[in-house]
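Undergrad: sequence and predicted model, in that order:
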Amino acid sequence: MNGTIRGDRFHIAFFGRRNAGKSSLINALTGQEVAIVSEVPGTTTDPVYKAVELQPVGPVVLIDTAGIDDDQSVIGAERVRRAKEILRKTDLAIVVVDGGAADFTAEDELLAECAQRKTAVIVVLNKSDCERSAQAQEWTTGKNPSALSASRGDGIEELKERIRAAVPKDWEPPYLSDIVRPGETVLLVTPIDLGAPKGRLIMPQIKALRDVLDADAVAVMCKERELPAALRSLTAKPALVITDSQVFPQVAADVPDDILLTSFSILSARQKGDLLSMVRSVSAVKNLRPGDRVLIAESCSHHPLEDDIARVKIPRWLEAYVGGKLAIDTVPGACFPDNITDYKLVVHCGGCTLNRREMLHRQSVPQSAGVPMTNFGVLISFLKNVFPRALKPFPEIYELYTNETHVEPRDRSKMARFSE
Ligand SMILES: Nc1nc2c(ncn2[C@@H]2O[C@H](COP(=O)(O)OP(=O)(O)OP(=O)(O)O)[C@@H](O)[C@H]2O)c(=O)[nH]1
Ligand SMILES: [Mg+2]
């Protein structure tokens with residue numbers, strides 16, 4: 001596990017017709033033979049991901065895609081569909097056109113889709129070493145194209161500079177460094193259960209440690225069993241306790257009420273998506289009745305374990321709350337089922353492997369179908385009476401939620417630390 005994970009990288013995808021030079025451009029930008037280049041149209045078939053440190057941009061994922069004009073056959077149309085699906089996670093679209101091309105219908109459709117999704121676009125006019133067609137000249141007018149030659153390497157440095165300028169500074173909110181102050185102590189509670197990988201910590205725990213260090217704060221880590229001992233050992237109260245959502249009840253009982261408490265999954269939901277919407281949606285649990293359908297979605301697929309959070313624990317806790325059996329489906333990986341409206345509630349994991357754009361896209365799918373979607377940590381805190389306490393580290397969200405629902409107004413006095 002070297003380098004920044006894919007979900008925390010800015011996603012740059014390359015679109016265009018077959019043979020426009022998408023793969024050549026990726027190779028030129030990286031200085032590596034990342035993608036196969038050939039004069040045969042349709043060389044790239046499935047999307048290809050390459051995580052690189054692109055100077056001067058930083059850690060990015062470059063995504064090569066199949067030609068968007070390949071819609072004459074069934075398999076070609078499927079490739080176009082897959083290429084366009086990449087737009088869901090694309091932070092910056094590089095639309096590559098061959099400077100000798102005559103038809104731009106496919107590009108117009110793509111640009112319209114980018115505009116609809118509010119995706120930033122750079123148009124690249126490739127093959128500047130060859131003659132430019134009048135049509136290409138006309139089509140690119142007003143589109144501020146980067147004219148370059150991917151195969152010769154001309155104009156590549158200028159494109160890198162444009163890419164750097166197109167990456168917003170705050171394209172992704174911080175994981176937790178904004179809610180911790182220098183010198184404070186943050187206590188991390190990480191159960192080591194059957195699901196824990198041998199010899200290492202999992203992504204959210206590593207991210208939390210790194211963010212605490214970035215905030216010039218102090219991290220202390222323990223398992224849930226050692227939590228009372230860890231608390232006793234500290235001469236000052238920790239400013240914040242972050243726990244794995246699975247042990248919320250024990251941890252909430254052990255951590256005094258005046259210490260802020262949340263979970264890794266809630267932090268991830270805030271960084272990757274719209275936490276407030278997940279918080280509002282959790283009240284849909286109150287309307288669940290035995291027999292109702294619930295969808296549990298995980299962003300990464302792993303082997304289900306004996307006491308798996310998505311397949312065993314959340315279903316057990318939900319059914320205990322509802323007082324009867326629910327029809328629960330668990331989907332790993334990227335896709336929601338088509339029958340999303342059959343579900344009364346969707347529960348999504350923290351999405352730490354996704355980039356923010358994709359998580360927001362995922363939230364929009366049930367939302368536009370009128371189905372509430374919440375998050376593992378938010379749901380567990382709700383079911384286990386750690387709600388809305390688990391939101392207090394995020395004062396804006398806590399305030400909004402408690403104002404909307406008139407929950408626990410007395411608790412606001414405990415937020416003095418944020419109202420200074
Ligand atoms: N003359 C010239 N040829 C180029 C340039 N860039 C790419 N090519 C050539 O164009 C052809 C297609 O390049 P690719 O990079 O494979 O194009 P692609 O867009 O990835 O194509 P598909 O994967 O088929 O969709 C190859 O023969 C390249 O050598 C360029 O700047 N100038
Ligand atoms: Mg290609």
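TA: Right, received. Where do you want to start? Ligands and ions are numbered 1, 2, ... in the order given.

Undergrad: neighbouring contacts of the helix or strand harbouring residue 136?
TA: Using DSSP states H and E, residue 136 falls within helix 134-140. If you take CB atoms under 8 Å, 6 or more residues apart in numbering as the criterion, helix 134-140 is touched by 97-104, 107, 123, 125. In this view, the C-beta of every residue, glycine as well, is placed from N, C-alpha and C.

Undergrad: in the strand or helix carrying residue 26, what counts as buried?
TA: Element membership of residue 26, judged by DSSP H and E, is helix 22-30. By 16 or more other CB atoms under 10 Å, the buried positions in helix 22-30 come out as 22-30.

Undergrad: for it, packing partners?
TA: strand 10-16, strand 48-54, strand 58-64, strand 92-98, strand 120-126, helix 156-166 (3 or more CB pairs under 8 Å, 6 or more residues apart in numbering; DSSP states H and E).

Undergrad: now whatever residue of the stretch 101-250 of the chain ends up closest to ligand 2: phi and psi?
TA: For the stretch 101-250 of the chain and ligand 2, the shortest gap (CB to the ion) falls at residue 150, measuring 10.7 Å. Backbone torsions of residue 150, given as degrees, to the nearest 10, read phi -70, psi -40.

Undergrad: related to what we said a few turns ago, average model confidence for the helix holding residue 136?
TA: Taken as a whole, helix 134-140 has a mean pLDDT of 97.

Undergrad: gap between it and the chain center?
TA: How far helix 134-140 lies from its chain's middle: 37 Å, per CA atoms, centre = their mean, to the nearest Å.

Undergrad: does that helix reach ligand 1?
TA: No. Residues of helix 134-140 are not located near ligand 1 by CB under 6 Å from any ligand atom, the shortest gap being 13.1 Å.

Undergrad: report the buried residues of that helix.
TA: Buried residues in helix 134-140, defined by neighbour count with 16+ other CB under 10 Å: 136, 139-140.

Undergrad: which of the helices and strands packed on helix 22-30 is buried the deepest?
TA: strand 10-16 (a mean of 26; mean count of other CB atoms under 10 Å).

Undergrad: show the model's pLDDT score for the nearest residue to residue 86 once chain neighbours are set aside.
TA: Closest residue to residue 86 apart from its sequence neighbours, by CB to CB, 6 or more residues apart in numbering: residue 13 at 5.0 Å. The score at residue 13 is 98. That number is its pLDDT.

Undergrad: try residue 20
TA: Per-residue confidence at residue 20 stands at 98 (pLDDT).

Undergrad: that one and residue 126, how far apart?
TA: Using CB to CB, to the nearest Å, residue 20 is found at 6 Å from residue 126.

Undergrad: list residues touching both of these two?
TA: Common contacts of residue 20 and residue 126 (CB under 8 Å, 6+ apart): 96-98.

Undergrad: of all the residues you listed, which comes closest to ligand 1?
TA: Of all the shared contacts of residue 20 and residue 126, ligand 1 sits closest to residue 96, with 6.3 Å by CB to the nearest ligand atom.

Undergrad: is it correct that that closest one is in contact with residue 23?
TA: No. Residue 96 is beyond contact range of residue 23, at 9.5 Å (criterion: CB atoms under 8 Å).

Undergrad: which residues do these two both contact?
TA: Between them, residue 96 and residue 23 share these contacting residues under CB under 8 Å, 6+ apart: residue 14.

Undergrad: how about the helices in the stretch 301-420 of the chain?
TA: Secondary structure of the stretch 301-420 of the chain (DSSP state H, counting those that start in this stretch): helices at 314-322, 356-368, 376-383, 395-405.

Undergrad: make sure residue 171 is indeed in a strand.
TA: No. With DSSP: H, G, I helix; E, B strand; the rest coil as the criterion, residue 171 is coil rather than part of a strand.

Undergrad: hang on, it packs against residue 92?
TA: No. Assessed by CB under 8 Å, residue 171 is found out of contact with residue 92, at 9.4 Å.

Undergrad: what is in contact with these two at once?
TA: Shared contacts of residue 171 and residue 92, defined by CB under 8 Å, 6+ apart, are found at residue 10.

Undergrad: which residues are in contact with the residue nearest to residue 86?
TA: Residues in contact with residue 13 (CB under 8 Å, 6+ apart) are 47, 62-63, 65, 86-87, 89-90, 92-94.

Undergrad: what stretches of the protein score poorly on pLDDT?
TA: Along the chain, segments meeting pLDDT under 70 span 1-2, 301-307, 334, 406-420.

Undergrad: can you tell me how far residue 48 sits from residue 77?
TA: Taken as CB to CB, the span from residue 48 to residue 77 is 19 Å.

Undergrad: counting by contacts, list what the helix or strand harbouring residue 269 packs against.
TA: If you go by DSSP H and E, residue 269 is part of helix 264-272. Packing partners of helix 264-272 (3+ CB pairs under 8 Å, 6+ apart): helix 203-214, strand 240-243, helix 275-281, helix 356-368, strand 373-375, helix 376-383.

Undergrad: and the residue of the stretch 101-250 of the chain closest to ligand 2, how many residues sit next to it?
TA: Residue 150 has 26 neighbouring residues, counting by other CB atoms under 10 Å.

Undergrad: that one contacts residue 30, correct?
TA: No. Taking contacts as CB under 8 Å, residue 150 lies outside contact range of residue 30: 11.5 Å.

Undergrad: buried ones in stretch 138-157?
TA: Within stretch 138-157, the residues scored as buried using 16+ other CB under 10 Å are 139-140, 145-151, 155-156.
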